[in-house]
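Chemist: Give the three-dimensional model of this entry:
(one chain, ligands or ions: 1)
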Amino acid sequence: MGKISKDKRDVYYRQAKEQGWRARSAFKLLQIDEEFNIFQGVTRAVDLCAAPGSWSQVLSKELKKNSSEMPQIVAVDLQAMAPLPGVIQIQGDITKLSTAEQIISHFDGAQADLVVSDGAPDVTGLHDLDEYIQAQLILAALNITTHVLRTGGTFVAKIFRGKDVTLLYAQLKIFFRTVHVAKPRSSRNSSIEAFIVCMDYNPPADYVPNMANPLMDVPYDASNPIVGSNRVIVPFVACGDLRGFDADMTYSLDGSEAERYSPRDPTQSPISPPYKKALELKRSNFYNSAL
Ligand code: SAM
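Modeler: Have a look, this model is predicted:
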């Protein structure tokens, strides 16, 4: 798809570039905050699965409003990410213990007020496998969260509303007093993507943070905390101003606006994308000469 047609088709993509965000996902986090005030009083935050960095940009901008001191933001991703002022970056896999340890070490005993995770695996097309890997990412994010989040803190993570999602909600309720599922207006209705907004972190009194799987490794006997109200109904909240743009609509530029408009390059192109090698081969005409 050409740059102009994508700019015309996707208003959030166009606006992200106009406003200097590295990805259109920035609007999702901003719209979640509009509804839930997740940035209120936050001075320390962790951004998991952060590349290319639009959520870190949002955090950096919004958290500065909370204190005269620089906010502390740690961003992690498998991919390299172009630097952002005031954001500590770690390149690593969040499902690995070593990455979790690096994140924890940056807090040096202090705790985070907010952990966000926009993790999405490379889709294989094998539905069950994709759902399993996504679930592993959420669990890894929650594991890291249990190590670094202060009591009362907030955890926001991308989920895909698959068949087992109500179990996930119920299990998150063990760790947080409030769990909502949010669908920001900038997230396409056609996508099963949504975000869990878990507030007021309050782990069970005897819970010891560890990198095992806290949602699955529960004992199936009388000591299992998932009893009684284990199946909770989580409110579904659409957030973002309803007068704003609809992510599934096409907004054409009209008359003079269309004449004046010229497409812009992305604010931050990927610096080492997984498809880099393929592009190099294409440029060197490898595919045609191989035929
Ligand atoms: N929030 C980001 C932003 O606003 O720029 C966009 C995140 S993007 C949708 C999903 C990211 O998840 C990708 O950059 C990918 O590399 C990362 N990711 C997937 N699996 C991961 C893992 N196991 N550990 C760390 N990052 C991972």
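
Chemist: Give the burial count for Y169, as a bare number.
Modeler: The tally of other residues near Y169 (other Cβ atoms under 10 Å) stands at 18. All C-beta spots, glycine's among them, are computed from the backbone N, C-alpha and C.

Chemist: ok, now G152?
Modeler: G152 has 14 neighbours, counted by other Cβ under 10 Å.

Chemist: so it sits in a helix?
Modeler: No: G152 is assigned strand when assessed by DSSP: H, G, I helix; E, B strand; the rest coil, not a helix.

Chemist: Leaving out the residues flanking it, which one is nearest to it?
Modeler: D200 (5.7 Å; Cβ to Cβ, 6 or more residues apart in numbering).

Chemist: Which element, helix or strand, includes that neighbour?
Modeler: strand 193-201 (DSSP states H and E).

Chemist: For the lengthiest helix in the chain, list every residue counted as buried.
Modeler: Longest helix in the chain, counting residues (DSSP state H): helix 127-148. Judged by neighbour count using 16 or more other Cβ atoms under 10 Å, the buried positions of helix 127-148 are 130-131, 133-135, 137-148.

Chemist: With stretch 186-200 instead?
Modeler: S186, S187, E193, A194, F195, I196, V197, C198, M199.

Chemist: isn't the third one right up against S187?
Modeler: Yes: with the criterion set as Cβ atoms under 8 Å, E193 and S187 qualify as a contacting pair; they are 5.4 Å apart.

Chemist: got a list of what the residue nearest the centre of the chain touches?
Modeler: Geometric centre of the chain, nearest residue: D118, 1.6 Å, by Cα atoms, centre = their mean. Listed by Cβ atoms under 8 Å, 6 or more residues apart in numbering, the contact partners of D118 are S25, K28, L29, D47, L48, C49, A50, W55, A157, K158.

Chemist: what bridges to the fifth one?
Modeler: Okay, so that is L48. Beta-bridge pairing for L48 (DSSP bridges): V76, S117.

Chemist: That one and I94 touch, don't they?
Modeler: Yes: L48 is within contact range of I94, at 5.3 Å (criterion: Cβ under 8 Å).

Chemist: Could you name every residue contacting both of the two?
Modeler: Common neighbours of L48 and I94 (Cβ under 8 Å, 6+ apart) are V76, S117, G119, A141, I144.

Chemist: ok, and which of these reach the ligand?
Modeler: Among these, proximity to the ligand is found for V76, G119 (Cβ under 6 Å from any ligand atom).

Chemist: Name the pair among the shared contacts of L48 and I94 with the greatest separation in space.
Modeler: Spanning the widest gap among the shared contacts of L48 and I94 are G119 and I144, at 11.0 Å by Cβ to Cβ.

Chemist: ok, A194 - contacts?
Modeler: A194 neighbours (Cβ under 8 Å, 6+ apart): K158, I159, F160, R161, V181, A182, K183, S187, F236.

Chemist: Got the confidence number for it?
Modeler: pLDDT for A194: 93.

Chemist: mind checking how far it is from the ligand?
Modeler: Computed as Cβ to the nearest ligand atom, to the nearest Å, the A194 to the ligand distance reads 14 Å.

Chemist: beta partners for that residue?
Modeler: I159.

Chemist: ok, which residues in the stretch 51-200 of the chain are in contact with the ligand?
Modeler: For the stretch 51-200 of the chain, the contact set with the ligand under Cβ under 6 Å from any ligand atom comprises 51-55, 76-79, 93-95, 118-121, 137.

Chemist: Looking at these, which are in strands?
Modeler: V76, D77 (DSSP state E).

Chemist: neighbours of the residue in the stretch 151-291 of the chain positioned nearest to the ligand, just the number please.
Modeler: Here the residue of the stretch 151-291 of the chain nearest the ligand is K158; by Cβ to the nearest ligand atom that distance is 7.4 Å. For K158, the count of nearby residues is 22 (other Cβ under 10 Å).

Chemist: Now do the contacts for it.
Modeler: K158 neighbours (Cβ under 8 Å, 6+ apart): S117, D118, G119, A120, E193, A194, F195.

Chemist: Run through the stretch 51-200 of the chain and note the low-pLDDT ranges.
Modeler: Along the stretch 51-200 of the chain, no part satisfies pLDDT under 70.
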